[in-house]
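Asker: Curious how this folds, go ahead:
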Amino acid sequence: MKSNNRKSEKMSLLCPLDDRYAHMVEDLPSNKSRVMKQLHLEFMWANHVLEFFNEEPVTTEFKINEELYETFEKHEKRTRHDVKAMEITIAEKYFPSKEWAVHWGLTSEDINGLGNAFMLNKCRDACLDELNSCLELLIIVAVKCTAQIPGRTHGQMAVPTSFKERFMVYSEEIMRLRKTLEEPVPVKFGGAIGNFDEAITAIEVYKNCSRTQAMLYMQSLVDSFFENFPGFVRVRGFQTQLYTQLGEHLSKWNILCTFLLKVGRDMWDAFSRGYFYLETDGNRVGSSVMSQKINPANTENAMGNWKIARMWFNMMTNELPLFMHERDIVDSTILRNIPVMFGHFLVGLKSWGRDLREMRPTDFQGIEVEENGQIYIARVQTYLRLTQIPDAYERTRQMTQGRKLTKEQLLDELIETFPEIDSVVFTKLLK
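Answerer: Residues are numbered from 1 along each chain as shown. This next block holds a predicted model:
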């Protein structure tokens with residue numbers, strides 16, 4: 001019976017991240033882990049409030065277990081409000097005689113926002129760790145590629161370069177983009193609409209103090225609480241600031257994702273032109289009918305997942321700032337998908353890493369430039385102009401435009417066309 005239930009549960013999974021790619025996203029937080037983190041945050045805040053108002057905190061240790069989660073689910077089903085269900089669950093379990101302190105002065109967005117920030121941090125750490133691994137592999141591939149290849153502009157052969165040069169440029173840009181993602185995650189923590197009006201007014205009346213003093217009390221309460229979270233930066237004000245800043249942060253992931261797609265496309269093109277092959281263990285199948293093939297399927301899989309991730313990054317960047325008035329919960333619905341967004345990004349990285357590990361350069365790197373000597377003519381005409389040879393550009397253009405010349409043929413024609421230049425110079429320019 002249990003086996004049938006597990007089989008039925010597996011058959012009901014909708015997302016490939018929960019099934020096909022589940023082993024690749026084990027380090028990412030689930031919705032259940034987010035709920036458990038938010039329950040813990042409610043516990044921490046309640047104890048912090050009690051201490052701040054000089055009352056004895058609860059000494060019972062907070063424990064994550066299935067019973068707590070089931071209690072939460074029961075209350076959520078009844079209230080149809082996730083954060084209220086968390087408040088009731090924590091009050092019943094840990095603060096039966098001091099329930100007033102649970103969720104005091106807060107709104108759902110404060111707890112959801114902190115929970116999302118933890119989720120975002122965990123996703124970011126997992127993805128950046130994997131990105132570091134891919135960078136190391138890309139550099140390993142790069143240093144093996146010393147032979148020249150034709151660089152291309154407008155899809156046509158242009159001037160000589162190498163995959164070492166190209167991949168090192170890619171690595172440097174990925175590292176630069178990576179640094180932009182290390183900034184603290186923004187968090188809103190300010191009551192109903194962000195100004196803690198309800199809590200400040202309550203303190204003002206309760207302590208019979210001035211509004212300014214009450215504001216300072218509340219500021220001290222929140223600042224001391226946030227000392228527990230050094231990886232976050234608290235956004236002061238309405239939801240406006242939070243989601244413009246969060247949107248800005250996610251837009252940087254979108255840019256990185258787009259650049260990785262560009263790198264993936266270039267690598268796929270390199271496979272298709274025969275510059276690289278994949279060294280496998282002999283068991284890999286490339287095609288169900290063309291048995292000779294070993295496809296760069298992992299690179300293709302990476303690009304597919306990055307496109308899905310980019311769709312999410314782009315949507316969140318554009319939609320999060322568009323909430324109504326001071327706040328609504330459209331954002332909560334969207335942000336529950338943070339692990340989905342980063343899940344596809346992470347699967348892309350891990351798939352790409354598989355092909356990077358198996359990539360080997362072919363002898364075709366180096367041969368192609370020998371057969372297409374015309375790509376060296378930019379070097380030649382640039383040197384000729386420097387030595388003030390008349391009409392250097394036009395003469396070299398007429399010699400090479402639309403023609404395919406081996407390096408040997410080009411050298412012979414250059415010596416014949418420009419007898420005033422020592423042949424050793426042309427040999428060096430074509431090196």
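Asker: what residue ranges in the stretch 1-150 of the chain score low on pLDDT?
Answerer: 1-11 (pLDDT under 70).
Asker: where exactly do the strands run in it?
Answerer: Secondary structure of the stretch 1-150 of the chain, counting by DSSP state E, counting those that start in this stretch: strands at 148-153.
Asker: per-domain residue ranges of this structure.
Answerer: 25-104, 106-183+240-278+295-354, 372-429 (automatic domain parsing).
Asker: Can you say which of the ones you listed is nearest to Ser12?
Answerer: domain 25-104 (15.7 Å; Cβ to Cβ). Using the backbone N, CA and C atoms, a C-beta is placed for each residue, glycine as well.
Asker: how long is the closest one from one end to the other?
Answerer: End-to-end distance of domain 25-104: 36 Å, with Cα to Cα, to the nearest Å as the criterion.
Asker: Next: stretch 23-34.
Answerer: End-to-end for stretch 23-34, by Cα to Cα: 19 Å.
Asker: Give the buried residues for it.
Answerer: Met24, Val25, Leu28, Pro29, Ser33, Arg34 (16 or more other Cβ atoms under 10 Å).
Asker: Just to check, the second one is in contact with Leu17?
Answerer: To tie it back to what came earlier, the one meant is Val25. Yes: Val25 is within contact range of Leu17, at 5.5 Å (criterion: Cβ atoms under 8 Å).
Asker: Touching both of these two, which residues are there?
Answerer: Taking Cβ atoms under 8 Å, 6 or more residues apart in numbering as the contact rule, Val25 and Leu17 both touch Pro339, Gly343, Val347.
Asker: Please identify, among those, the one with the most neighbours.
Answerer: Gly343 (27 neighbours; other Cβ atoms under 10 Å).
Asker: which residues does it contact?
Answerer: Gly343 touches Leu17, Tyr21, Val25, Leu28, counting by Cβ under 8 Å, 6+ apart.
Asker: Just want the phi and psi numbers for the last one.
Answerer: Looking back up the chat, that one is Leu28. Phi and psi for Leu28, reported as degrees, to the nearest 10, are phi -90, psi 150.
Asker: Contacts only, for the residue most central in space within the chain.
Answerer: Taking Cα atoms, centre = their mean, the centroid of the chain lies closest to Trp253, which sits 4.6 Å from it. By Cβ under 8 Å, 6+ apart, Trp253 lies in contact with Leu181, Ala309, Phe313, Phe345.
Asker: burial of Phe345, as a residue count?
Answerer: 28.
Asker: Sorry, wrong one. I was asking about Glu416.
Answerer: Here the count is done by other Cβ under 10 Å, and Glu416 has 9 residues near it.
Asker: what separates it from Arg379, distance-wise?
Answerer: In this view, Glu416 and Arg379 are 18 Å apart by Cβ to Cβ, to the nearest Å.
Asker: now do Pro184
Answerer: Pro184 is 48 Å from Arg379, by Cβ to Cβ.
Asker: same thing with Thr427?
Answerer: Counting by Cβ to Cβ, the gap from Thr427 to Arg379 is 12 Å.
Asker: between these two, who's got more neighbours?
Answerer: Remark: of Thr427 and Arg379, Arg379 carries more neighbours, 16 against 13, as counted by other Cβ under 10 Å.
Asker: Tell me which helix or strand the more buried one sits in.
Answerer: helix 377-386 (DSSP states H and E).
Asker: Dump that helix to CSV, restricted to CA.
Answerer: Extracted in CSV, the C-alpha atoms of helix 377-386 (Å, rounded to 0.1, in the frame of the first residue of the first chain):
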residue,chain,number,x,y,z
ILE,A,377,45.4,40.4,-44.2
ALA,A,378,44.2,42.8,-41.6
ARG,A,379,47.5,42.4,-39.8
VAL,A,380,49.3,43.0,-43.1
GLN,A,381,47.4,46.1,-44.2
THR,A,382,47.7,47.6,-40.8
TYR,A,383,51.5,47.2,-40.9
LEU,A,384,51.7,48.5,-44.5
ARG,A,385,49.8,51.6,-43.5
LEU,A,386,52.2,52.1,-40.5
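Asker: any idea how far that helix is from the chain center?
Answerer: 43 Å (Cα atoms, centre = their mean, to the nearest Å).
Asker: now for it, which elements pack on it?
Answerer: strand 156-162, helix 392-400, helix 423-429 (3 or more Cβ pairs under 8 Å, 6 or more residues apart in numbering; DSSP states H and E).
Asker: The next helix or strand after the second one versus helix 392-400: what angle between them?
Answerer: What that stands for is helix 392-400. Under the assignment DSSP H and E, the closest C-terminal helix or strand after helix 392-400 is helix 407-417. Per axes from the mean of the first three to the mean of the last three Cα atoms, to 10 degrees, the angle that helix 407-417 makes with helix 392-400 is 130 degrees.
Asker: Could you list the low-pLDDT ranges of the stretch 251-400 of the chain?
Answerer: 286-287, 291, 293, 324-329.
Asker: Which parts of it are strands?
Answerer: Using DSSP E, counting those that start in this stretch, strands in the stretch 251-400 of the chain cover 276-278, 359-361.
Asker: who touches the last one?
Answerer: Counting contacts by Cβ under 8 Å, 6+ apart, the residues outside strand 359-361 that touch it are Val141, Lys144, Cys145, Ala147, Phe163, Met267, Tyr275, Phe276, Tyr277, Leu278, Glu279.
Asker: what's the neighbour count on the third one?
Answerer: Neighbour count for Cys145, taken as other Cβ under 10 Å: 23.
Asker: cool, and Met119?
Answerer: When neighbours are counted by other Cβ under 10 Å, Met119 comes out with 24.
Asker: Out of the shared contacts of Val25 and Leu17, the closest to His81 would be?
Answerer: Of these, the one sitting nearest to His81 (Cβ to Cβ) turns out to be Pro339, at 22.0 Å.
Asker: residues contacting the closest one?
Answerer: Leu17, Val25, Leu28, Pro29, Ser30, Asn31, Met119, Cys123.
Asker: Please repeat the previous calculation with a cut-off of 7 Å.
Answerer: By Cβ atoms under 7 Å, 6 or more residues apart in numbering, Pro339 lies in contact with Leu28, Pro29, Ser30, Met119, Cys123.
Asker: Ok, Cys127 next?
Answerer: Cys127 touches Phe342, Phe345, Leu346, Leu349, counting by Cβ under 7 Å, 6+ apart.
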